[in-house]
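K.L.:
I'd like to go over a predicted model; first the sequence, then the structure.
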Amino acid sequence: MTVMTAQSGTPLDHVLLQHPGDVPVAVIGAGAMGSGIAQVAAQAGHPVVLVDAQPDAADRAVERLGATLDRLVAKGRLEAAQARDVLGRVRPHTASDMSTVPAVALVVEAVVEHLDVKRAIFRQLESAQPATTVLATNTSSLSIDAMVQEAHTGHDAASYGGTSPALARPGQVLGLHFFNPPPLMRLVEVISGSATDGQVLDAAGELMRRWGKTPVRCTSTPGFIVNRVARPFYGEAQRMVEEGIADPATLDLALRRAGFRMGPFELTDLIGQDVNLAVGESVWRQTGEDPRYAPTDWQRALVREGRLGRKTGRGVFTYAEDGSATDAAPDEQLAQRLVGGPVHQDPVARTLAMLVNEGVDLVHRAEATAEDVDTAMRLGTNYPKGPFEWLEELGAGTVRSVLTELDAHYPGGRYRRSEAL
């Protein structure tokens, strides 16, 4: 089968682009993300093996998928026959040893964000799967290169006498980062390691389009596009609370008025403070503890105290049983005064300048295109605009001026300007 890649316009033959019924997919991990990815693949026509190491976890996930499909039928979004077909394509499989996973064309790993665990899974899969099998990770921030390279330390290294060997076929490995929930979120980051084969990347991107997704390309930079560029949205607001400039509800209001669907505090309470902090810590460590990405002690304290957000009933705010915040009343007058005031007290100016700076720097390092950065931030975070759209609206001079003022007020490197600005 010959298709034309959307980006290059060159002929492309690849196993992933055969008829979906002839392209079996395995999803490793039957949690919310893995189950959602399995649903997307099955709805696109692929036979899917849903794998989990925990007894009955995959079976329970398939039962939940059946209930989800029934709801879609009840809402008129799916025909009953289609729902039966989709569910019939998903087969649960319990295995702690990935060498027992049946032969497939594509594996999407969606387990815990732990590098050693992912390395061990990939090594088992590579040893047992056909040479043509593409291995993808759904990691949100971990390095693709680190997964395929030799490791001398770590939990999985013990089974190899202290060294975990490099993968033999690193060209077949890439990242496919879906966003939660996968059936609803359109964005998929297609992430290349330094050794990933270009044809594999093209085929994976085309496959995501066939699954109804919008793929964006990125190199394996820490946090990729969304989780790297978005760090200031959370970090600036948290620092302003630490400084006593405003309370969280007021800062949320100011940023919602600027067009953001949710403020940073209500959003991190929804995501989970522990989840958001873990991604921030990962990006910070992978960038050599760059002050641009330093997590705040304020958020660390929330996590230490178990205030993880809606899932625990209390995070930045306290939540009623229906999920509504009971203590999130903003000071509307203060929110209005802050915007347009001194730069270090203006949550909108600080946030937009830093988002633009991150996006520009990512493109300057040739890790993604400006178009893909804007697309990723609009679809992955529901921002009203992408960094380059804001850059065009604000002007590079304004962004430089805000960053220069912030750098003078808070020396230390967090607000250094991208060379491209």
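P.N.:
Arrived safely, thanks for sending. No experiment lies behind these values; they were computed from the predicted model shown. Residues are numbered from 1 along each chain as shown.
K.L.:
Every contact and neighbour count from this point should use C-alpha atoms.
P.N.:
Will do.
K.L.:
list the helices and strands the helix or strand hosting residue 67 packs on?
P.N.:
Assigned by DSSP states H and E, residue 67 belongs to helix 57-74. When contacts are defined as 3 or more Cα pairs under 8 Å, 6 or more residues apart in numbering; DSSP states H and E, helix 57-74 sits against helix 32-43, strand 48-52, helix 80-89, strand 90-94.
K.L.:
now these in CSV, with distance to residue 195, mean pLDDT and mean neighbour count?
P.N.:
Formatted as CSV, the helices and strands packed on helix 57-74 follow (distance: least, Cα to Cα, whole Å; pLDDT from 0 to 100; neighbours: other Cα atoms under 10 Å):
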stretch, distance to residue 195, mean pLDDT, mean neighbour count
helix 32-43, 25, 97, 24
strand 48-52, 27, 98, 27
helix 80-89, 33, 97, 16
strand 90-94, 31, 97, 21
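K.L.:
Quick one: closest of these to residue 208.
P.N.:
Among the helices and strands packed on helix 57-74, the nearest to residue 208 by Cα to Cα is helix 32-43 (9.4 Å).
K.L.:
Residues touching that closest one, excluding its own?
P.N.:
25, 27-29, 47-50, 61-62, 65, 86-87, 89-90, 109-111, 178, 180-183, 211 (Cα atoms under 8 Å, 6 or more residues apart in numbering).
K.L.:
and those residues, which are buried?
P.N.:
25, 27-29, 47-50, 61-62, 65, 86-87, 89-90, 109-111, 178, 180, 182-183, 211 (16 or more other Cα atoms under 10 Å).
K.L.:
ok, now which ones touch the residue nearest the centre of the chain?
P.N.:
By Cα atoms, centre = their mean, the mean C-alpha position of the chain lies nearest to residue 140, the distance being 4.0 Å. Contact analysis of residue 140 by Cα under 8 Å, 6+ apart lists 113, 177, 223, 224, 227, 279.
K.L.:
Could I get the helices and strands packed on helix 57-74 in a markdown table, plus columns for distance to residue 334?
P.N.:
Below are these laid out as a markdown table (distance: least, Cα to Cα, whole Å):
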| stretch | distance to residue 334 |
| --- | --- |
| helix 32-43 | 39 |
| strand 48-52 | 50 |
| helix 80-89 | 51 |
| strand 90-94 | 53 |
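K.L.:
Of the ones you listed, give the one that comes closest to residue 332.
P.N.:
The closest of the helices and strands packed on helix 57-74 to residue 332 is helix 32-43. By Cα to Cα, the value is 37.1 Å.
K.L.:
tilt between that closest one and helix 80-89?
P.N.:
Relative orientation of helix 32-43 and helix 80-89, computed by axes from the mean of the first three to the mean of the last three Cα atoms, to 10 degrees: 120 degrees.
K.L.:
Kindly calculate the angle that helix 32-43 makes with helix 57-74.
P.N.:
Compare the direction of helix 32-43 with that of helix 57-74 by the same axes, to 10 degrees and you get 60 degrees.
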